[in-house]
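Enquirer: below are the sequence and a predicted model for it; my questions follow.
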Amino acid sequence: MSNQWLNDMRNKMEDHAEDIPDGLWDDIKAELFKETDKKIVVPVNDLKAQSKNLPKNNIKTLWYRIAGVAATIAVFFIGGRELLQQYYKKEVSQPIVNTVKKQEEKYSNTEVDNIVGKERLYKNYAKKSLIISNKNAVSNIASLHTFNKNSNTFKIYVSENQSTASLIKQYENVIKDALIVENQSDTKVNEVEELFSKEKKLNEDPKLAKKDSKTWMLSMLTGNASKNSVEQFPGYATLNGATMSISDEIWTAGYEDNPLMDILLANQDQQIDAKIRHKVPVTFGLSVYRNLDKNKKWGIGAGINYTKLATELQSGSDSYFIKSDQTIHYLGIPVQINYNVINKGRFTGYVTAGGLVEKAIAGNIKTKYIVNNEIKEETTENINKKPLQLSVNSALGVQFKVIEKIGIYAEPGIGYHFKDNSSFSTIYNDKPLNFNLKFGIRLLID
Amino acid sequence: MELNKEQILTNRLLSKEETAWKELFEAYSGNLTSVCSRYIIEKEDVHDVLQNSFIKMFRSIESFECRGDGSLRAWMTRIVVNESLKYIKQNTDFKLSLSESDIPDIVDEEEPNLEEIPQSKIMKMIRALPDGYRTVFNLYVFEEKSHKEIAGILGIAENSSASQFHRAKAMLVQKIKEYKMSKTAQL
């Protein structure tokens, strides 16, 4: 039996139309409309204006927002007060606040779960929402920060919310919608938790914040000192060097609603490039140094140093892409021989050569999925394989003697790194011969 | 070069113009409902899947590239099929329904003639197939996927896809035969 009749069937059915489900267009319209309205930029500090700006037919969205704010307030009274006080002590940097604001909008649906649960109207889903409301507490606290400056406006909304028992019925209507979001909420909550913990760290640990800014300054400096290594090739890629294989099947094979799918979908007809950018390795060191001869020309040094390797990977198009940031921290023991060329007062100029054994002590890959310029999902993966890295180096150095026995040095140099058999893409693996910059403190012993 | 109708519509869709989207909906939703209904039986589910599909189209229209007439429909169909499969995967025990094997194989028969059978009857017959068979059958016949591709999509073995397809085909042949017999009886 041939399959010709099946081709006939395909052709015959090609123009077949079925009755369109009732109200489909209305639902689509409502959904897409709501979406467009969300794009209206509303100042964070003016909740009242926000409600005025919303068109009347979009009253549902407004309730989402109010419910979100109400949920936020509820959490505020339960556990947020302390955090808020901390927040006042040290302002969190602006980008985080912005992200949190975005998150808040996204989560307003799930926050509806929360508030409805609190009003005991959520009987059918009580069990589920309990778990979620616990998790949401975190996102609520996070979103609270956004609103900290308008506590007055808050109060207005509190009273409004409390007096409007009639709204309860409207809440019921949104439960259904909110439930849809539930499935996705877990991962997103994690994301907020992560964000929030970052924020908290910044708040609680000024030392850390200081350290961060220092690192940043130094990387800036090294960025100028030498070129970053950029590699580009067509297609999507992962940081372990493999090119992601994406076949046509993914169209129909992707069952989960994941951001990767969205990105692939959006970029389906475009030329895609993956770009790997290695940042110049920056090394901080502490070392002891001993002169070998009487002229103080030759010396030997050993110590301990720390290197941070950062690699950025971006695949996709301009507004739909996957961005991975890989950071690996190494601790190493360097041994080097110096030959002092110039000795002028407190300054010493020298050439140095040596070997270095480094071990990766920690590392992670943060992956962000950016869909239509918005961060849709963020995952962090720790690097568990921690290889030993051997290298030989040569550099020109300048040392400045701060006090009699202690000097600070800077050494721009060149290094060759032997393969460490790890699958991760680092500058050490991709460009074994590379430029680096070392800073440190040297203790002189005679 | 003169822009064809589809390209003009696409440009308007890109600007997220509501009337354009309404036009798109009116022009294609009947056919897309048909595509979706091949995979999904419950009317409410068809509604949900189509709604999600249109939202997906709205969000990813930037990535659509018009390659002549019919490419818009092909793109939309792909999204609907993808969403339908996603729904099936989430909501039915797919592998279980695939492993049913109580349908006897039908030995070679003459090729059925579809000419006199109305579209709606064929639709009904397809929709009467068990979930697993229907999905494989639809992908093979309407989406023109190979068994290898279907196996990848559904996470089943290649020969399983082939045998499900074979049984689905046999069931349809049987149904067509029954239909024709009832037609003849009526005359």
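Expert: Thanks, I have the structure now. Numbers count the residues shown, from 1 in each chain, chains lettered A, B, ... in the order given.
Enquirer: switch to C-alpha atoms for all contacts and neighbour counts from now on
Expert: Noted.
Enquirer: elements contacting the helix or strand encompassing residue A:299?
Expert: Taking DSSP states H and E as the definition, residue A:299 sits inside strand A:298-316. For strand A:298-316, the elements it packs on are strand A:273-278, strand A:282-291, strand A:321-344, judged by 3 or more C-alpha pairs under 8 Å, 6 or more residues apart in numbering or on different chains; DSSP states H and E.
Enquirer: buried ones in that strand, by neighbour count?
Expert: Within strand A:298-316, the residues scored as buried using 16 or more other C-alpha atoms under 10 Å in any protein chain shown are A:298-316.
Enquirer: help me confirm that residue A:436 is found in a strand?
Expert: Yes. Counting by DSSP: H, G, I helix; E, B strand; the rest coil, residue A:436 is found in a strand.
Enquirer: wouldn't it be in contact with residue A:284 here?
Expert: No. Residue A:436 is not in contact with residue A:284 according to C-alpha atoms under 8 Å; the separation is 11.2 Å.
Enquirer: which of the two has more neighbours?
Expert: residue A:436 (22 against 17; other C-alpha atoms under 10 Å in any protein chain shown).
Enquirer: quick one: contacts for residue A:18?
Expert: B:30, B:31, B:33, B:34, B:37 (C-alpha atoms under 8 Å, 6 or more residues apart in numbering or on different chains).
Enquirer: now do the SS call for it.
Expert: coil.
Enquirer: ok, now how distant is the residue nearest to it when sequence neighbours are not counted from residue B:51?
Expert: Distances taken as C-alpha to C-alpha, 6 or more residues apart in numbering or on different chains place residue B:34 nearest to residue A:18, at 4.8 Å, with adjacent residues excluded. Distance of residue B:34 to residue B:51, computed by C-alpha to C-alpha, to the nearest Å: 14 Å.
Enquirer: please apply the same query to residue B:122.
Expert: Going from residue B:122 to residue B:51 by C-alpha to C-alpha gives 25 Å.
Enquirer: neighbour-wise, which of the two wins?
Expert: Each of residue B:122 and residue B:51 has its neighbours counted (other C-alpha under 10 Å); residue B:51 has more, 22 against 18.
Enquirer: tell me the domain ranges of chain A?
Expert: Domain assignment for chain A, taken from automatic domain parsing, gives A:24-204, A:209-445.
Enquirer: which of those domains comes out lowest on mean pLDDT?
Expert: For the domains of chain A, mean pLDDT drops lowest on domain A:24-204, to a mean of 46.
Enquirer: on that earlier part again, show me what the strand holding residue A:299 pairs with in its sheet, parallel or antiparallel.
Expert: Within its sheet, strand A:298-316 is paired with strand A:273-278 (antiparallel), strand A:282-291 (antiparallel), strand A:321-344 (antiparallel), according to DSSP bridges.
Enquirer: make JSON lines from those strands and add distance to residue B:72 to it.
Expert: Shown next, in JSON lines, are the strands paired with strand A:298-316 (distance: least, C-alpha to C-alpha, whole Å):
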{"stretch": "strand A:273-278", "distance to residue B:72": "26"}
{"stretch": "strand A:282-291", "distance to residue B:72": "51"}
{"stretch": "strand A:321-344", "distance to residue B:72": "24"}
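Enquirer: show me the one of those that comes nearest residue B:184.
Expert: strand A:321-344 (60.2 Å; C-alpha to C-alpha).
Enquirer: pretty sure residue A:331 contacts residue A:303?
Expert: No. Residue A:331 is beyond contact range of residue A:303, at 10.6 Å (criterion: C-alpha under 8 Å).
Enquirer: closest to the centroid, which residue in chain B?
Expert: When C-alpha atoms, centre = their mean is applied to chain B, the residue found nearest the centroid is residue B:35 (4.0 Å).
Enquirer: that one and residue B:81 touch, don't they?
Expert: Yes. The criterion here is C-alpha under 8 Å, and residue B:35 meets it with residue B:81 at 7.3 Å.
Enquirer: quick one, phi/psi of residue A:398?
Expert: According to degrees, to the nearest 10, the main-chain angles of residue A:398 amount to phi -130, psi 130.
Enquirer: residues near the residue lying closest to it once chain neighbours are set aside, how many?
Expert: Once flanking residues are discounted, residue A:398 sits nearest to residue A:349: 4.6 Å by C-alpha to C-alpha, 6+ apart. Residue A:349 has 19 neighbouring residues, counting by other C-alpha under 10 Å.
Enquirer: ditto for the one 4 residues further on
Expert: Counted by other C-alpha under 10 Å, the residues lying close to residue A:353 total 18.
Enquirer: wait, a helix at it?
Expert: No. Counting by three-state DSSP, residue A:353 is not part of a helix but strand.
Enquirer: tell me which residues in stretch B:155-167 are buried?
Expert: By neighbour count with 16+ other C-alpha under 10 Å, stretch B:155-167 contains the buried residues B:156, B:158, B:160, B:161, B:162, B:163, B:164, B:165, B:166, B:167.
Enquirer: how close does the fifth one sit to residue B:75?
Expert: In this structure, residue B:162 and residue B:75 are 26 Å apart, going by C-alpha to C-alpha.
Enquirer: helix, strand or coil for residue 11?
Expert: In the absence of a named chain, chain A is used. Residue A:11 ends up helix, using three-state DSSP.
Enquirer: residue B:69 too?
Expert: Quick answer, by three-state DSSP: residue B:69 is coil.
Enquirer: identify the residues contacting it.
Expert: B:4, B:6.
Enquirer: cool, residue B:7 as well?
Expert: Counting by C-alpha under 8 Å, 6+ apart, residue B:7 touches residue B:66.
Enquirer: next SSE after the strand or helix carrying it?
Expert: For residue B:7, the element it lies in under DSSP H and E is helix B:5-14. Using DSSP H and E, the next helix or strand after helix B:5-14 towards the C-terminus is helix B:18-39.
Enquirer: next one: that following helix to chain centre, how far?
Expert: Centroid separation for helix B:18-39 versus its chain: 13 Å, with C-alpha atoms, centre = their mean, to the nearest Å.
Enquirer: what is it packed up against?
Expert: So helix B:18-39, by 3+ C-alpha pairs under 8 Å, 6+ apart, packs with helix B:5-14, helix B:43-60, helix B:71-91, helix B:119-127, helix B:131-141.
Enquirer: re earlier: helices - which of the buried residues of stretch B:155-167 land there?
Expert: Using DSSP state H, the subset of the buried residues of stretch B:155-167 located in helices is B:158, B:160, B:161, B:162, B:163, B:164, B:165, B:166, B:167.
Enquirer: in a markdown table, list those residues along with pLDDT and distance to chain A.
Expert: Listed next are these as a markdown table, based on pLDDT from 0 to 100; distance: C-alpha to the nearest C-alpha, whole Å:
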| residue | pLDDT | distance to chain A |
| --- | --- | --- |
| B:158 | 86 | 14 |
| B:160 | 86 | 17 |
| B:161 | 87 | 15 |
| B:162 | 88 | 13 |
| B:163 | 87 | 15 |
| B:164 | 87 | 15 |
| B:165 | 89 | 12 |
| B:166 | 88 | 11 |
| B:167 | 87 | 13 |
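Enquirer: overlap in contacts, residue A:331 and residue A:303.
Expert: Contacts common to residue A:331 and residue A:303, judged by C-alpha under 8 Å, 6+ apart, are absent.
Enquirer: the residue nearest to residue A:315 when sequence neighbours are not counted: how many residues sit nearby?
Expert: Distances taken as C-alpha to C-alpha, 6+ apart place residue A:274 nearest to residue A:315, at 4.1 Å, with adjacent residues excluded. Here the number of neighbours of residue A:274 (other C-alpha under 10 Å) works out to 22.
Enquirer: quickly note the distance from residue A:274 to residue A:331.
Expert: 30 Å.
Enquirer: do residue A:311 as well
Expert: Relative to residue A:331, and taking C-alpha to C-alpha, residue A:311 is found at 18 Å.
Enquirer: also residue A:284?
Expert: Per C-alpha to C-alpha, residue A:284 is found 10 Å from residue A:331.
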